[in-house]
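*Asks:* Next input, structure requested:
(2 chains)
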There are 2 protein chains.
Amino acid sequence: MAHTSNGLILFAHGARDPEWAEPFRDISKRIAATRDDLAVRLAFLEFQTPTLADVIADLAARGHTSIHIAPLFMAQGGHLKNDVPKLLAEVRSRHPGLKLELLPAIGDIADLRQAIAEWVANAIPGAST
Amino acid sequence: MAHTSNGLILFAHGARDPEWAEPFRDISKRIAATRDDLAVRLAFLEFQTPTLADVIADLAARGHTSIHIAPLFMAQGGHLKNDVPKLLAEVRSRHPGLKLELLPAIGDIADLRQAIAEWVANAIPGAST
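*Replies:* Residues are numbered from 1 along each chain as shown, chains lettered A, B, ... in the order given. Have a look, this model is predicted:
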């Protein structure tokens, strides 16, 4: 098994319905298929586990020194603006050597907003059809 | 002004932070820019207005006979599986001539899962860099 020093956490909101997490498992597999240098994990804010703090601690314990966190949220609200930065500050104080980087939310990425807009526009029959 | 018979409602969760809705306004503008045959509106499940029921009623009152609803949710949980179908059944009983079609959630669309996976994979420096 190749040693991987980089971790990627796909961080999702979570829901009571366990099936809710299926799309995130699929995204995780798609990334892992092209990036075998990354340890790819899922974490959840509420209703589902593991938590973000638990996954960071586990990756750190396994020797990963750089962890990217991709928040798979449509947009940034109180969770991403307030709760997550506080949590990351706490984690940094416990793991001073760990490099943690928070990626933007889905809706903050222009290419993904465009991909969503195109998909929706193409899903609706045109005026001439 | 051209008559438009089709409506599109971008349906988002909503949040206490009003800035949360900005990405959805941007997606709405991107769709409207290429589909001037559609009346494109935003609606929210909670915390923000207008509601989905209000927007459907308004579009129906303006003579739109076919309305697509695009749920801009990452995945389907209780809201999309239970609450929205109940709401649409009620709306249909009040507007029997109205054609309402619910599109899939973002995470149920393979092309968008792939776009998200590619964006995230490309955002993280490779093992060789």
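*Asks:* For chain B, see how far away the spatially closest residue to residue A:55 that is not a sequence neighbour is.
*Replies:* Excluding the flanking residues, the one nearest residue A:55 by C-beta to C-beta, 6 or more residues apart in numbering or on different chains is residue A:43, at 4.3 Å. C-beta: built from backbone N, CA, C; applies to glycine. Distance, residue A:43 to chain B, using C-beta to the nearest C-beta, to the nearest Å: 14 Å.
*Asks:* Surely residue A:43 is in a helix?
*Replies:* No: read with DSSP: H, G, I helix; E, B strand; the rest coil, residue A:43 is strand and lies in no helix.
*Asks:* I'd assumed residue A:36 was in a helix, is it?
*Replies:* No: with three-state DSSP as the criterion, residue A:36 is located in coil rather than a helix.
*Asks:* What is the burial count for it?
*Replies:* Residues within reach of residue A:36, counting by other C-beta atoms under 10 Å in any protein chain shown, total 11.
*Asks:* next one: residue A:52
*Replies:* Neighbours around residue A:52, by other C-beta under 10 Å: 22.
*Asks:* Quick one: residues contacting the spatially closest residue to residue A:13 that is not a sequence neighbour.
*Replies:* Leaving aside its chain neighbours, residue A:13 sits nearest to residue A:45 (5.1 Å; criterion: C-beta to C-beta, 6+ apart). By C-beta atoms under 8 Å, 6 or more residues apart in numbering or on different chains, residue A:45 lies in contact with A:11-14, A:51-52, A:79, A:83.
*Asks:* before we move on, the earlier item: the residue nearest to residue A:55 reaches residue A:58, doesn't it?
*Replies:* No: with contact defined as C-beta atoms under 8 Å, residue A:43 and residue A:58 do not form a contacting pair (9.8 Å).
*Asks:* model confidence over stretch A:118-129, on average?
*Replies:* For stretch A:118-129, mean pLDDT rounds to 84.
*Asks:* typed the wrong thing, it's stretch A:11-25
*Replies:* Mean per-residue pLDDT for stretch A:11-25: 95.
*Asks:* what's in contact with that stretch?
*Replies:* Residues from elsewhere that reach stretch A:11-25 (C-beta under 8 Å, 6+ apart): A:10, A:42-48, A:52, A:69-73, A:79, A:84, B:74-78, B:81, B:105-108, B:113.
*Asks:* Please list the members of these that lie in strands.
*Replies:* Secondary structure from DSSP state E places A:10, A:42-44, A:69-71 of the contacts of stretch A:11-25 in strands.
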